[in-house]
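[1] got a sequence here, can you build the structure:
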Amino acid sequence: MKNTDKNIKILMMDFSGIYEDQQFWRGKEVSRVGARDIPGTNCYCDEDAMNAIRSRIAPYSSGEIHFIDSGNYHYMTRIWLEKISEPFELLVFDNHTDMQPPAFGGLLSCGGWIYDSIMELPLLKKAILIGPDEEAFSRVEPEFKEKVEFLSRERLLEMEETEVSAFVKNQVGEYPLYISIDKDVLCEADADTNWSQGDMRLSTMLECLGAVKEKCAERISRILGVDICGECDVTEPGNSALNDMANAALLEFFTSTDVGEDIEENKNGTTGGNG
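    Have a look, this model is predicted:
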């Protein structure tokens, strides 16, 4: 199995500067997209901001590993997904549903990007959502629940690590897969985010990702791309070093296995098709 570190593209969205003090990306070939000067991006993304972001990420594809700052910018996943040009599934690890209907017309939000993706992207065939609590998911509109396979925070607490990975493995593989990770699904021993956190251990997440890799190999399917968010607030006290370690572990997984080869193969030819 070849080492893909030098081939796979790693992209960092610089909304806040949070990655400047982290080490996980150093010594690797990393592209950086500056976004601190774009107004209208914090939690909500207005039309002007979306157009500015689309312009700046135009040279890049969904077939990369994207680090997209804190959960305030998780809506970036929706923007990456519109570049995928074939039917696909979406696997999301998150402590929140991110399926709130838009409160204001024309605004993409960190709390509603999955809702918007299901509404607006016909190539998205299924979403698998791991981590929110049952009460939050109960508030999701019924017609959207039908398009989501859901594993709640409560069930995660009841299940063994192997059971969780088996559930995830069983849900993926019918279509190529895009993976979105918000580290707020992790317990406070493994991450420190600016949103309320769940109980998942990083080891459980990595075991789930390993199971996904196995399923994709069995079904001759592919990982189309990955994004990772869940940093702490750069303006508030927070343990960014803890997130640095989690980012390093996730990056190591995605670049040192044949998952990296999948993403490398998909970094070209994944533009257009959904918008």
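[2] any weak-confidence spans in the stretch 101-250 of the chain?
    Along the stretch 101-250 of the chain, segments meeting pLDDT under 70 span 104-105.
[3] the helices in it, which residues?
    With helices called from DSSP state H, counting those that start in this stretch, the stretch 101-250 of the chain shows them at 113-120, 134-138, 142-145, 153-158, 161-171, 202-218, 240-256.
[4] any idea which of those helices is most buried?
    Counting by mean count of other Cβ atoms under 10 Å, helix 113-120 has the highest mean neighbour count of the helices of the stretch 101-250 of the chain, with a mean of 21. In this view, the C-beta of every residue, glycine as well, is placed from N, C-alpha and C.
[5] which one is residue 197 nearest to, not counting chain neighbours?
    Spatial nearest neighbour of residue 197, excluding adjacent residues (Cβ to Cβ, 6 or more residues apart in numbering): residue 184 at 5.0 Å.
[6] pretty sure that neighbour sits against residue 230.
    Yes: contact between residue 184 and residue 230 holds when scored by Cβ atoms under 8 Å: they sit 5.0 Å apart.
[7] any residues in contact with both of the two?
    71, 191, 193, 195 (Cβ atoms under 8 Å, 6 or more residues apart in numbering).
[8] TSV for those, including neighbour count?
    Supplementary listing: the shared contacts of residue 184 and residue 230 in TSV, determined by neighbours: other Cβ atoms under 10 Å:
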residue	neighbour count
71	26
191	25
193	26
195	22
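[9] redo the helices of the stretch 101-250 of the chain as CSV? Include distance to residue 128.
    Below are the helices of the stretch 101-250 of the chain laid out as CSV (distance: least, Cβ to Cβ, whole Å):
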stretch, distance to residue 128
helix 113-120, 11
helix 134-138, 13
helix 142-145, 13
helix 153-158, 13
helix 161-171, 5
helix 202-218, 10
helix 240-256, 18
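[10] for these, which one sits closest to residue 49?
    Nearest to residue 49, of all those, is helix 113-120, at 13.7 Å by Cβ to Cβ.
[11] and the contacts of the closest one?
    Residues from elsewhere that reach helix 113-120 (Cβ under 8 Å, 6+ apart): 74-75, 77-78, 81-82, 90, 92, 97-102, 108, 124, 127, 129, 144, 147-148, 274.
[12] may I see the ChimeraX selection of the buried members of those residues?
    This is the ChimeraX syntax for the buried subset of the contacts of helix 113-120, where burial follows 16 or more other Cβ atoms under 10 Å:
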select :74,75,77,78,81,82,90,92,97,98,99,100,108,124,127,129,144,148,274
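[13] tally of neighbours for the closest residue to residue 235 other than its chain neighbours?
    The spatial neighbour of residue 235 that comes closest, neighbours along the chain excluded (Cβ to Cβ, 6+ apart), is residue 16 at 8.0 Å. Neighbour count for residue 16, taken as other Cβ atoms under 10 Å: 21.
[14] before we move on, what about residue 59?
    So residue 59, with other Cβ under 10 Å, has 9 neighbours.
[15] mind checking which helix or strand it is in?
    Under the criterion of DSSP states H and E, residue 59 resides outside all helices and strands.
[16] how about stretch 84-92: buried residues?
    Here stretch 84-92 shows 84-85, 88-92 as buried, counting by 16+ other Cβ under 10 Å.
[17] with just CA atoms, put it into CSV.
    Once non-C-alpha atoms are left out, stretch 84-92 reads as follows in CSV (Å, rounded to 0.1, in the frame of the first residue of the first chain):
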residue,chain,number,x,y,z
ILE,A,84,-19.8,16.2,-6.7
SER,A,85,-21.0,15.0,-10.1
GLU,A,86,-22.3,11.5,-9.4
PRO,A,87,-24.8,9.9,-7.0
PHE,A,88,-23.4,9.7,-3.5
GLU,A,89,-24.0,9.1,0.2
LEU,A,90,-23.1,11.4,3.1
LEU,A,91,-21.7,10.2,6.4
VAL,A,92,-21.8,12.8,9.2
